[in-house]
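Student: Model the following, please.
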Amino acid sequence: MMSFLVNKVFIFQILYIVGISAESMSGTISAGRKNMDLFGVITIATITALGGGTVRDVLLGHYPLTWVGHPEYIVITFLASAIAMMIAQHIIKLHKFFLIVDALGLVTFAYLGSDIGFHIALNAVSPQFQLIGSMIVAVLMAIITGISGGVLRDVLCNDMPLVFQAELYAIVAAIVGVLHTFTMILNIDNLVTAILIILFGFIIRLCAIFRNWHLPKIKYFT
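Tutor: Model (predicted):
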């Protein structure tokens, strides 16, 4: 049991670092396209990388915030941003590659968000609504953790948030949250199910990117 916990924590730490690095780089490129100064670029990069977890933790009253408890994550986002600034032209050319890395970050953030949301809600929701309430909170936290950083990035860069116009994005986070919530309810939450859920969400996101899967778009005619 202890080995499982160690392995799972280690794997998700690696995935989390990959995710925040990719998000930091995407924030760096977005800010650079708006001709921001060095401070602006680093700020946007950090908000993009750590914004989702911060919004989740504030909403849940989950303290210390993730980056406060682990300040090394801030250092990682700074380093990723610095690297992105140095190789910006190559990153822009490798747009699809970073969308793939971003997809891995999305599903990882969603999984971690649902995990934290479920366990906090389990102890906070009134007993008669404990199960359904915990499920709802877990899925919402999966979505919020997965998309908030990107939404903050786009809003601060004065762009339409990508999540509202691109291929399936928030839905992927929701699917990951739902699947993980069921494994926790059924007491089958382990390293194997975690990897399968992450892989499933990752594949759906890749299909959305390369096959252009969208939700129906609403158009109004006058």
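Student: Low-confidence regions, the chain specifically.
Tutor: 1-7, 91-95, 166-167, 221-222 (pLDDT under 70).
Student: Point to the residue nearest the middle of it.
Tutor: The structure's the chain has its C-alpha centroid closest to residue 146; by CA atoms, centre = their mean the separation is 2.9 Å.
Student: OK, contacts around that residue?
Tutor: 52, 106-107, 109-110, 113, 169-170, 172-173, 176 (CB atoms under 8 Å, 6 or more residues apart in numbering). Yep, even glycine has a C-beta here, placed from its N, CA and C like the rest.
Student: if you set the cut-off to 7 Å instead, what comes out?
Tutor: 52, 106, 109-110, 113, 173 (CB atoms under 7 Å, 6 or more residues apart in numbering).
Student: Then residue 110?
Tutor: 142, 145-146, 173, 176-177, 201.
Student: go on, residue 47?
Tutor: Here residue 47 is in contact with 27, 149, 152-153, 156 (CB under 7 Å, 6+ apart).
Student: That one sits in which helix or strand?
Tutor: helix 38-60 (DSSP states H and E).
Student: Buried residues in that helix, which are they?
Tutor: By neighbour count on 16 or more other CB atoms under 10 Å, the buried set for helix 38-60 is 41-57, 59-60.
Student: any idea how far it is from the chain center?
Tutor: Offset of helix 38-60 from its chain centre (CA atoms, centre = their mean, to the nearest Å): 11 Å.
Student: how about the nearest residue to the residue nearest to the centre of the chain, chain neighbours excluded?
Tutor: residue 173 (3.4 Å; CB to CB, 6 or more residues apart in numbering).
Student: Spit out the contact partners of the one you found.
Tutor: Taking CB under 7 Å, 6+ apart, one finds 106, 110, 142-143, 146-147 in contact with residue 173.
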